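Enquirer: Structure for the following, please:
(2 chains)
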Amino acid sequence: MFLALLTKDRTVFTELGTEAIEKGLADPQLSAFYESMMSSSGLVSEKLREHMPYLSLCSDKLEGNGPPPIFYVGRRSSQRHLFGEDWAMQQGQELRTPDPDLEEASAAAYRAALEERPYYGYARTSIHMEDKVVDIAFERLIIALRPSPKSDRRFCAYFGVIQDLQQL
Amino acid sequence: MQTPPFIISEIHVPSQLKPRADNVVKLKAEIDKHNLTDMWDMILMLDYQVANVRELSSETREEFCCIISLLLKAFTK
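Expert: Modelled structure (predicted):
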């Protein structure tokens, strides 16, 4: 299904909807994360532990044109794989992806996850990093979660799966 | 140059550990102040599988502090 969408000439950010996960069309690990979180009604529980290495977590703070700042990058997450160890543990300022265009294009999905329901979609784009440009295709699931039942805090959990990655 | 007044401390803390310990205390105070204690507990329990930050090795504690610094920035700036 997704291979048909791999058109190199244009940037694509499209929502597929969580129905695609329920129909078995998504990555198996991503699907397992989705099912686990749905079974706990968006509340953090022990079930989250096994998925933590694959997640990036960000706040619920939507300001300007970008997604919320990131505070946690799982050891085996797609963002750590893509942007590197130094990026994941950088200090001094808010943690954001290094390409402003990517930030802007990805923001709507976070807004949807925070204001409506979990977002599942597909993207293909070029990402400009400090020393290189890569062409990438990926699935992404974003779910808003609460750390505890009484908490008035929410955060976004991002599960990305890189399908295709080529250095240009 | 005059030497500053000498203060006797009963507890000896190796000087190389002081900044780290101070950092954890400061970060926890900031976390509590900004109502992010649930998030602190969640990361400790789920990622590091401990209930208290004192159970972490110094290296792991440093990594945890990096995450907490980013957490504060992500929610409060």
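Enquirer: Does stretch B:23-30 reach chain A?
Expert: No - Stretch B:23-30 stays clear of chain A (CB under 8 Å from any CB of the partner chain), getting no nearer than 11.4 Å. All C-beta spots, glycine's among them, are computed from the backbone N, C-alpha and C.
Enquirer: Show the average pLDDT along that stretch.
Expert: The average pLDDT for stretch B:23-30 rounds to 94.
Enquirer: Going by neighbour count, list what's buried in that stretch.
Expert: Buried positions in stretch B:23-30, judged by neighbour count with 16 or more other CB atoms under 10 Å in any protein chain shown: B:24, B:27, B:28.
Enquirer: Could you pull up the residues touching the residue nearest to the spatial centre of chain B?
Expert: The structure's chain B has its C-alpha centroid closest to residue B:24; by CA atoms, centre = their mean the separation is 0.8 Å. Going by CB atoms under 8 Å, 6 or more residues apart in numbering or on different chains, residue B:24 touches B:53, B:61, B:65.
Enquirer: Report the buried members of those.
Expert: B:53, B:61, B:65.
Enquirer: longest helix in chain A, by residue count?
Expert: The longest helix of chain A (DSSP state H) is helix A:100-115.
Enquirer: which helices and strands sit right next to it?
Expert: Of the remaining helices and strands, those touching helix A:100-115 by 3 or more CB pairs under 8 Å, 6 or more residues apart in numbering or on different chains; DSSP states H and E are strand A:12-15, strand A:119-128, strand A:133-145, strand A:155-167.
Enquirer: coming back round to it: so the residue nearest to the centre of chain B is in which element?
Expert: Taking DSSP states H and E as the definition, one finds residue B:24 inside helix B:18-33.
Enquirer: next SSE after that helix?
Expert: helix B:37-43.
Enquirer: for residue 73, what are its contacts?
Expert: This is for chain A. The contact partners of residue A:73, by CB under 8 Å, 6+ apart, come to A:56, A:79, A:80, A:88, A:89, A:95.
Enquirer: Switch to chain B, please.
Expert: The contact partners of residue B:73, by CB under 8 Å, 6+ apart, come to A:69, A:71, A:93, A:94, A:95.
Enquirer: Looking at the residues you listed, which are in strands?
Expert: The strands, defined by DSSP state E, take in residue A:71 from those.
Enquirer: Max pairwise distance over the contacts of residue B:73: which two?
Expert: A:71 and A:93 (12.3 Å; CB to CB).
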